[in-house]
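J.: sequence unavailable; structure follows:
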């Protein structure tokens, strides 16, 4: 009798856990469904190719034009810019944290990096508006709201992701690799850059891809510093609009085909994220099968 | 029949080594002669690996490690003005567990020379072939130079690591229980190799394998609790040890 109750309780717990995981799996599937179902009318009416490659976005004209090419390019520009700033700084910071940081300083440094990850994006936006935009305005051309400003803000925002993931993968490199290099007369830097980092490269790459995912999906901070004009920027000091900015700026008043086109913009962004996830999976698989480190 | 004594390569004088307050080596004195194989034997934790790692300053990596006394290499104090990279270029090391880098066989061998500034492909090609030849593994690997070094067998990996050490043209090779992770056939191959290399290099080997020390070494040092109990010709140590503790150890009564 007592045994039965125990069995029922165990089964019950199992189903409860199952339910919890179904909620999250269900959420992903629902989001996929709604975004693609919502995007379908726009893609059907405008045509997928015209939508993706058209460089005119005049949703309120008669007749309206829905081309998001400039926004796709804008998202790619600021994300690439974020990588140019964030990846080298992040990887070198990870090297410091993993290989040089004195034991007394490490907990503090590590906490601060984690804090960087926890700062709300609107605060990053303020930081960009108050520090970076005026700086660009005073020292370069334009009003400061630009590709460069967005790239710097996003570059800082991806730092914690790049640092944490890279640090873990550098730490996972067996000590014997470093010792082997040092025993051959390599200096500490040589052992890190020519053995440690190559051995950790798939993990570092995974960190970079997670960072790209964060940068391309970031909305608030970008809207606040990018200027958001719907034109292809001619230089890094010119205003730029990203896919995310396009959605958040127009969602409030869009209706009809305009609304559908905004949802389709979201679907395009979603496809970008899915592709990044696939790349990430391939990298992780490759790392496992080659006996490398993740 | 008296032979002229071989020239001195490394001299350890009144050396003490501490990890924080723990003394791992106590008043060690030892001479390593050129073109000889010197074996360090003794139970685990007796300090033999610690002394080996002091000879190319790999102990520098351990923060709490402190050394007193003197170690000279060709008469020069290695803890003095000598550049540590330069020292390690002359004193190569092979570790207990084969530790090839996660890159191709070729890049493994070329790593050391590249680190020391050799960039010409022709020169590197030649060094790679020579080193693999010297480590008696060229025939096995010549068609797999571009393959990952992690994909070859453990015994081959260890000979690759020896080849990698040879590629920087050292004068001394330190080996830390190089065969303890290998099967008997691979072990024999490495022992044969060391016997061959002896003519060109000075070799110091730490081993847990009494038979190995007896088979390949010229001199043997027996360590116990951080001290050298007995140091002398291998033949004498194994046939008529002076110290009772040495005798007990090599006859397998403890350790």
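T.: Done, it's in. Quick caveat: nothing in here was measured; it's all calculated off a predicted structure. Numbering: from 1, shown residues only, chains lettered A, B, ... in the order given.
J.: ok, which stretches of the chain are helices?
T.: Just so you know, I chose chain A. Assigned by DSSP state H, the helices in chain A fall at A:2-46, A:48-53, A:69-95, A:106-118, A:121-127, A:133-139, A:147-171, A:175-183, A:188-191, A:197-199, A:201-217, A:220-226, A:243-250, A:257-289.
J.: that was the other one, I meant chain B.
T.: For chain B, the helices defined by DSSP H occupy B:48-55, B:84-90, B:105-115, B:121-134, B:138-141, B:154-166, B:184-197, B:210-216, B:234-239, B:244-250.
J.: would you indicate which residues of the second one are buried?
T.: By neighbour count, and taking 16 or more other CB atoms under 10 Å in any protein chain shown as the criterion, the buried residues in helix B:84-90 are B:84-85, B:87-90. The way it works is simple: take the backbone N, C-alpha and C, and place the C-beta from them, glycine included.
J.: ok, which pair from those is furthest apart?
T.: For those, the maximum inter-member distance is 11.0 Å, found between B:84 and B:90 (CB to CB).
J.: what sits against the residue in the stretch 1-150 of chain A that chain B sits nearest to?
T.: Proximity to chain B, evaluated over the stretch 1-150 of chain A using CB to the nearest CB, is greatest for residue A:103 at 8.8 Å. By CB atoms under 8 Å, 6 or more residues apart in numbering or on different chains, the contact set of residue A:103 is empty.
J.: residues of chain A that sit close to chain B?
T.: A:174, A:176-177, A:179-187, A:190, A:194-195, A:198-199, A:290-293 (CB under 8 Å from any CB of the partner chain).
J.: are any of those buried, and if so which?
T.: Listed as buried from these are A:176-177, A:179-186, A:190, A:194-195, A:198-199, A:292-293; burial here means 16+ other CB under 10 Å.
J.: interface residues of the stretch 1-150 of chain B facing chain A?
T.: For the stretch 1-150 of chain B, the residues in contact with chain A (CB under 8 Å from any CB) are B:56, B:58, B:61, B:85-89, B:92-93, B:95, B:97, B:99-103, B:111-112, B:114-116, B:148, B:150.
J.: and residue B:24, how far from chain A?
T.: Separation of residue B:24 from chain A (CB to the nearest CB, to the nearest Å): 18 Å.
J.: and that residue, what is it in contact with?
T.: With contacts defined as CB under 8 Å, 6+ apart, residue B:24 is in contact with B:17-18, B:47, B:50, B:226.
J.: buried stuff in the helix or strand of chain B with the lowest mean pLDDT?
T.: One helix or strand of chain B scores below all others by mean pLDDT, DSSP states H and E: helix B:244-250, with a mean of 89. Buried residues in helix B:244-250, defined by neighbour count with 16+ other CB under 10 Å: B:245-247, B:249-250.
J.: now, which of those lie close to chain A?
T.: Within the buried residues of helix B:244-250, nothing lies near chain A by CB under 8 Å from any CB.
J.: what pLDDT does the closest residue to residue A:204 other than its chain neighbours get?
T.: Excluding the flanking residues, the one nearest residue A:204 by CB to CB, 6 or more residues apart in numbering or on different chains is residue A:166, at 4.6 Å. pLDDT for residue A:166: 96.
J.: which ones are touching the residue positioned nearest the centre of chain B?
T.: When CA atoms, centre = their mean is applied to chain B, the residue found nearest the centroid is residue B:174 (1.6 Å). By CB under 8 Å, 6+ apart, residue B:174 lies in contact with B:52-53, B:55-56, B:91-94, B:204-205.
J.: can you do 10 Å?
T.: When contacts are counted by CB atoms under 10 Å, 6 or more residues apart in numbering or on different chains, residue B:174 touches A:183, B:10, B:32, B:38, B:40, B:49, B:51-56, B:58, B:88, B:91-95, B:165, B:202-206.
J.: return the residues of the stretch 151-255 of chain B in contact with chain A.
T.: Within the stretch 151-255 of chain B, the positions adjacent to chain A are B:151, B:161, B:164-165, B:167-168, B:170, B:174 by CB under 10 Å from any CB of the partner chain.
J.: can you tell me which of the residues you listed are buried?
T.: Judged by 16+ other CB under 10 Å, buried ones among these: B:161, B:164-165, B:167-168, B:170, B:174.
J.: export these to TSV and tack on pLDDT?
T.: Converted to TSV, these look like this (pLDDT from 0 to 100):
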residue	pLDDT
B:161	96
B:164	96
B:165	96
B:167	96
B:168	94
B:170	95
B:174	96
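J.: from the residues you listed, which single one is nearest chain A?
T.: Of all those, residue B:168 has the smallest distance to chain A: 5.7 Å, by CB to the nearest CB.
J.: test my guess that the closest one contacts residue B:92.
T.: Yes: Residue B:168 is in contact with residue B:92 according to CB atoms under 10 Å; the separation is 6.3 Å.
J.: overlap in contacts, the two.
T.: With CB under 10 Å, 6+ apart as the test, residue B:168 and residue B:92 both reach A:183-185, B:112.
J.: nearest to residue B:78, of those?
T.: residue A:185 (13.3 Å).
J.: pLDDT score for that closest one?
T.: Checking the pLDDT column for residue A:185, the value is 93.
J.: now do it against residue B:120, distance only.
T.: Going from residue A:185 to residue B:120 by CB to CB, to the nearest Å gives 19 Å.
J.: got it, and residue B:161?
T.: Applying CB to CB, the value for residue B:161 to residue B:120 is 24 Å.
J.: one more: residue B:158?
T.: Taking CB to CB as the measure, residue B:158 falls 29 Å from residue B:120.
J.: so how many other residues sit close to the nearest residue to residue B:36 once chain neighbours are set aside?
T.: Spatially, and ignoring its direct neighbours in sequence, residue B:36 is nearest to residue B:218 (4.2 Å; CB to CB, 6+ apart). Applying other CB atoms under 10 Å in any protein chain shown, we find 16 residues neighbouring residue B:218.
J.: circling back: now do the residue of the stretch 1-150 of chain A closest to chain B, the pLDDT please.
T.: So residue A:103 comes in at 91 (pLDDT).
J.: now it: phi and psi?
T.: phi -60, psi -30 (degrees, to the nearest 10).
J.: how close does it sit to residue B:64?
T.: Residue A:103 is 12 Å from residue B:64, by CB to CB.
J.: kindly report the same for residue B:180.
T.: Distance of residue B:180 to residue B:64, given as CB to CB: 26 Å.
J.: where does the chain have low pLDDT?
T.: No chain specified, so I'll use chain A. A:1-2, A:287-294 (pLDDT under 70).
J.: I was thinking of chain B, sorry if that wasn't clear
T.: For chain B, the stretches with pLDDT under 70 are B:1-3, B:254-255.
J.: first-to-last residue distance for stretch B:46-64?
T.: With CA to CA, to the nearest Å applied, stretch B:46-64 spans 18 Å between its terminal residues.
J.: show me how far that stretch is from its chain's centre.
T.: Centroid displacement of stretch B:46-64 relative to its chain, using CA atoms, centre = their mean, to the nearest Å, is 12 Å.
J.: one step back: spatially nearest residue to the residue nearest to the centre of chain B (excluding sequence neighbours)?
T.: Of all residues not flanking residue B:174 in the chain, residue B:93 sits nearest, at 4.6 Å (CB to CB, 6+ apart).
J.: count of neighbours near the one you found?
T.: With other CB under 10 Å as criterion, residue B:93 counts 25.
J.: kindly report the same for residue B:239.
T.: Residue B:239 has 10 nearby residues by other CB under 10 Å.
J.: how close does the spatially most central residue of chain A sit to chain B?
T.: Nearest to the mean C-alpha position of chain A, counting by CA atoms, centre = their mean, stands residue A:214 at 1.8 Å. Noted for residue A:214: a distance of 29 Å to chain B, by CB to the nearest CB.
J.: pretty sure that residue sits against residue A:117.
T.: Yes: using CB under 10 Å, residue A:214 is in contact with residue A:117, at 9.4 Å.
J.: shared neighbours of these two, which are they?
T.: A:157-158, A:160-161.
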